[in-house]
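Enquirer: next one to model:
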Amino acid sequence: MTDYQPGAPLTEHPSAEDVAAYLSERMAPDARAALEEHLADCRECRQLVTSARRLLRSHRTPNRLVWMVPTAAAAVLAIAVLARTPGGPPEGEPLRSDPGAAGPESALTIPVVSPSEGQTLTGPPIVFVWHAQAGQPLYRLSLIEASGRQVWSGETTDTTLPVPANVSLDRGRTYFWTVDALAADGRSMTTRTKRFAIAP
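Expert: All right, here's what the predicted structure looks like:
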C-alpha cells in the first residue's frame, strides 16, 4: 500500500506487511478503511486474513497483549505462499481451520524434528526435517525473515529439505519457517510457523 491515497480504493492485493499491520492494529485509520473496503470485495484476501488471524491466535501467549508486526507479517506471508500458489487449497476452502476446532475440518499438525521451536543454529548446512504423513503428500516449505520477506521456498514429497547453498542466512538473525500440505481427504496439514535463529 505504498501508493495508497486517502479516500482511494486499493488497486491491488495488500502486502504481507499491510495485513500484519492491520491484524496488529497498527495501521493508520485511512489505510485501514481502504483495506477493509478491499476485503469486502476480495474473497482471496478475506481468506488470507482469516487464516493469518487463526494462526496468530494459536501462537499468542497469555501475557502478550499485542502481536508484533514482524511475527504477524511472517505468518501472513507463510499462509499467502500456499494460498496464492497453483495447487493450493480448493476455492472456498479455508487454508487452516481453527486450532481449537474438532472433527474432519480440523487442521492436521505435522510434527517437527528440526530445527525445533526457538533453536539457535551455528550455521550451514541448515536442514529442515519433519515427520512423514500418510499418503505421501507434496510438502511446501517457506523460509521467512522476521520482516516478513520470503527468503526461500521449496517443495518435496520427502520429509527433509536443506537450504540451498546459494541461499545465505545472516548470523545473529531470527527466521521463521513453516511446512504446509494437503491430506488426501482435503484437510490442511501444517507444522505451524516455527522460529529459529542463526548464532552470531
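Enquirer: secondary structure element for Y22, which one?
Expert: Applying DSSP states H and E as the criterion places Y22 in helix 16-23.
Enquirer: restricting to C-alpha, output that helix in PDB.
Expert: Provided in PDB are the C-alpha atoms of helix 16-23 (Å, rounded to 0.1, in the frame of the first residue of the first chain):
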ATOM      1  CA  ALA A  16       2.000  -9.200   3.900                       C
ATOM      2  CA  GLU A  17       3.300  -6.200   5.900                       C
ATOM      3  CA  ASP A  18       0.000  -4.300   5.400                       C
ATOM      4  CA  VAL A  19      -2.100  -7.300   6.500                       C
ATOM      5  CA  ALA A  20       0.200  -7.700   9.500                       C
ATOM      6  CA  ALA A  21      -0.200  -4.100  10.500                       C
ATOM      7  CA  TYR A  22      -4.000  -4.500  10.100                       C
ATOM      8  CA  LEU A  23      -4.100  -7.500  12.400                       C
END
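Enquirer: immediately after that helix, which helix or strand?
Expert: That would be, after helix 16-23 and using DSSP H and E, helix 29-41.
Enquirer: and the next helix or strand past the helix or strand of the chain with the lowest mean pLDDT?
Expert: When each helix and strand of the chain is scored by mean pLDDT, DSSP states H and E, helix 69-83 comes last, with a mean of 51. Heading C-terminal from helix 69-83, the first helix or strand you meet, by DSSP H and E, is strand 108-109.
Enquirer: elements contacting that next one?
Expert: Helices and strands touching strand 108-109, by 3 or more CB pairs under 8 Å, 6 or more residues apart in numbering; DSSP states H and E, are strand 188-190. Placement of C-beta: from N, CA and C, glycine included.
Enquirer: who does the strand it packs on pair up with?
Expert: Using DSSP bridges, the strands paired with strand 188-190 are strand 108-109 (parallel), strand 174-182 (antiparallel).
Enquirer: which parts of it are buried?
Expert: For strand 188-190, burial by neighbour count (16 or more other CB atoms under 10 Å) applies to 188-190.
Enquirer: what strand or helix carries the residue lying closest to H13 once chain neighbours are set aside?
Expert: Take H13 and drop its neighbours on the chain: the residue closest to it by CB to CB, 6 or more residues apart in numbering is C45, 5.9 Å away. Using DSSP H and E, C45 falls within helix 43-59.
Enquirer: average pLDDT across that helix?
Expert: Average pLDDT, helix 43-59: 67.
Enquirer: below-threshold pLDDT in this protein: ranges please.
Expert: Along the chain, the model assigns pLDDT under 70 to residues 1-11, 53-107.
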